[in-house]
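[1] fold the stuff below for me.
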Amino acid sequence: MDWRSRKGDKRGSSEDRRLFLDPEHADARITDADLEHLVLLPPCIDPKEWLATHAMNFFTLVNLQYSAVSEFCTAESCPSMTACGKIKCSGPQYVDYVLSYIQTAITDERLLPTKYGNSFPTMFEALVRNIFRLLFRILAHLYCCHYRDVLQLDLHAHLNSFFTHFVYFARHFHLLDARELSPVADLVELLCSSQQSNSASSDRDSAHVLSQKHVGNGDWVE
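    As a prediction, this is how the structure comes out:
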């Protein structure tokens, strides 16, 4: 997978990398929710149902994120990416291939059953890992080649929050290995560290509020 597919590649990619690693941009979030806790399997929920639901939801959100900047991702700006390890194609062609493949997979009742009584296929977990691997490549492309476009549209807080949630889920359920994360490992580390700091700060604020004493009929002491 050629992550830096923007034309004039080296300079453009390094500029995008400096931007998405800038704490001013990396700290932007749309929520302070504990995303690491949010990915945990709830009690009494079938693990395969949990994986299938998130695979479909993450597909929808990646599609939305890419659609927002798709006008900037052209055969001229992103001329070369690699599909299936061998096929050379442009950035938009690659993304179209990936999204079409996933759309077909998640709407196939034999692969992701939605009707009561239908069982998941034996290769279900391998399918989910492949879906996450392909979605991750699109997200990495957005950061490496279109982060300036994301900033101009003021969508970086949305992208950061979604990407962090996606990575936490993929890590927790072993859907992506370190080698697959390595092209943007510095970004993953930065966003997850920032998320943990924000969650800790939010927990301290909540604890402070809950520690306030009550008087009378339950009025808070200010």
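[2] going forward, measure contacts between C-alpha atoms and count neighbours the same way
    Will do.
[3] using PDB, write out every CA atom in stretch 19-31.
    The C-alpha trace of stretch 19-31 is given here as PDB (Å, rounded to 0.1, in the frame of the first residue of the first chain):
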ATOM      1  CA  LEU A  19       0.100  19.100  10.500                       C
ATOM      2  CA  PHE A  20      -1.600  16.000  12.000                       C
ATOM      3  CA  LEU A  21       1.200  15.600  14.600                       C
ATOM      4  CA  ASP A  22       0.800  19.200  15.700                       C
ATOM      5  CA  PRO A  23      -0.700  19.100  19.300                       C
ATOM      6  CA  GLU A  24      -3.000  22.000  18.400                       C
ATOM      7  CA  HIS A  25      -4.700  19.800  15.800                       C
ATOM      8  CA  ALA A  26      -4.200  16.400  17.400                       C
ATOM      9  CA  ASP A  27      -5.900  17.500  20.600                       C
ATOM     10  CA  ALA A  28      -9.000  18.500  18.800                       C
ATOM     11  CA  ARG A  29     -12.000  16.200  19.700                       C
ATOM     12  CA  ILE A  30     -15.800  16.300  19.500                       C
ATOM     13  CA  THR A  31     -16.100  14.300  22.700                       C
END
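[4] got the contact list for that stretch?
    Identification of contacts with stretch 19-31 by CA atoms under 8 Å, 6 or more residues apart in numbering yields 143, 147-148, 156-158, 160-161, 186-187, 190-191, 194.
[5] how far does that stretch sit from the chain's center?
    Taking CA atoms, centre = their mean, to the nearest Å, one finds stretch 19-31 lying 14 Å from the centre of the chain it belongs to.
[6] looking at this protein, which helix or strand is least sure?
    When the helices and strands of the chain are scored by mean pLDDT, DSSP states H and E, strand 219-220 comes last with a mean of 37.
[7] go through this protein and flag its longest helix.
    Looking across the chain with DSSP state H, the single longest helix is helix 124-152.
[8] quick check: mean pLDDT of that helix?
    What helix 124-152 shows for mean pLDDT is 96.
[9] buried residues of the very next helix or strand once past it, list them for me.
    Once helix 124-152 ends, the next helix or strand along the chain (criterion: DSSP states H and E) is helix 156-172. Taking 16 or more other CA atoms under 10 Å as the neighbour-count basis, helix 156-172 is seen to contain the buried residues 156-157, 159-170.
[10] now these in a markdown table, with pLDDT and distance to Ala26?
    Formatted as a markdown table, the entries for the buried residues of helix 156-172 read as follows, by pLDDT from 0 to 100; distance: CA to CA, whole Å:
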| residue | pLDDT | distance to Ala26 |
| --- | --- | --- |
| His156 | 96 | 8 |
| Ala157 | 96 | 8 |
| Leu159 | 97 | 10 |
| Asn160 | 96 | 7 |
| Ser161 | 96 | 10 |
| Phe162 | 97 | 12 |
| Phe163 | 97 | 11 |
| Thr164 | 96 | 11 |
| His165 | 97 | 14 |
| Phe166 | 97 | 15 |
| Val167 | 96 | 15 |
| Tyr168 | 96 | 16 |
| Phe169 | 98 | 19 |
| Ala170 | 97 | 20 |
